[in-house]
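Participant: give me coordinates for this.
(one chain, ligands or ions: 1)
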Amino acid sequence: MRHHLATLYRELGLRGMNQAASGNVSARTRRGMLITPTGVTADGVAPKSLVAMDFDGRHAGRLRPSSEWEMHAAIYRADPAARVIVHTHSDAATALACLGLGLPAFHYSVLAFGGAEVRVAPYVTFGTPALAAAAAAAMSGRSACLLANHGMICHAATPGAALQAALLLEALCRQYLMALSAGVPRLLAADEIAAARARFASYGQQPALHDEE
Ligand SMILES: [Zn+2]
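Facilitator: Sure, this is the predicted structure:
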């Protein structure tokens, strides 16, 4: 898992999803989680630099965990389905979050995150328990949310699926911003959302988040 997680963090950097050391990734373990250390860039991450810790902040080794470890812990505590978490300040998601907007059902793929919208959590100071609570609440019943004036966070079952989820969320945010800048996007109606939901369910899994590893 250390290797897969370091690869995920590096891949986010290569794809322009992570500026400097602003993002962080983690994976659930038997006793808590593995998380990127504070201040590490995509180029600088090594499997052995990942910090093993519990959800109360206890960790071993000399490296300190990401300053957002409490946000990761709160999501793992709230949702047993969360196995791998990606947090980034990727451009489009952050731009949309800075408008105080989440993603409405402007495109059927929004449903891949568990419902008819991806919510935006209210602005709270980074690295605080209050932000952890706000993010977990905004993600209730969803696998992603935006963080006002901050960025985004999403979870998936595996590192590969988490990368795909983060890339899909960023693409949808970019597309919604483009649509907003050109006019007033038409949102899906309730019956259209229900039909798309049924279609997702009939695939047996969420196709957009299919793990290709
Ligand atoms: Zn952040």
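Participant: helix, strand or coil for Gly44?
Facilitator: coil (DSSP: H, G, I helix; E, B strand; the rest coil).
Participant: now it: how far from Ala52?
Facilitator: Summarising the geometry, the distance separating Gly44 from Ala52, computed by Cβ to Cβ, to the nearest Å, is 18 Å. C-beta coordinates here come from the backbone N, C-alpha and C atoms, glycine included.
Participant: over to Ala148?
Facilitator: Going from Ala148 to Ala52 by Cβ to Cβ gives 31 Å.
Participant: of these two, who's got more company?
Facilitator: Ala148 (21 against 16; other Cβ atoms under 10 Å).
Participant: which of the helices or strands spans the residue nearest the centre of the chain?
Facilitator: Centre of the chain computed as the mean C-alpha position; nearest residue by Cα atoms, centre = their mean is Cys154, 1.9 Å away. Taking DSSP states H and E as the definition, one finds Cys154 inside strand 151-156.
Participant: got the angle between the helix or strand following that strand and strand 151-156?
Facilitator: On the C-terminal side of strand 151-156, the closest following helix or strand by DSSP H and E is helix 159-182. Relative orientation of helix 159-182 versus strand 151-156 (axes from the mean of the first three to the mean of the last three Cα atoms, to 10 degrees): 140 degrees.
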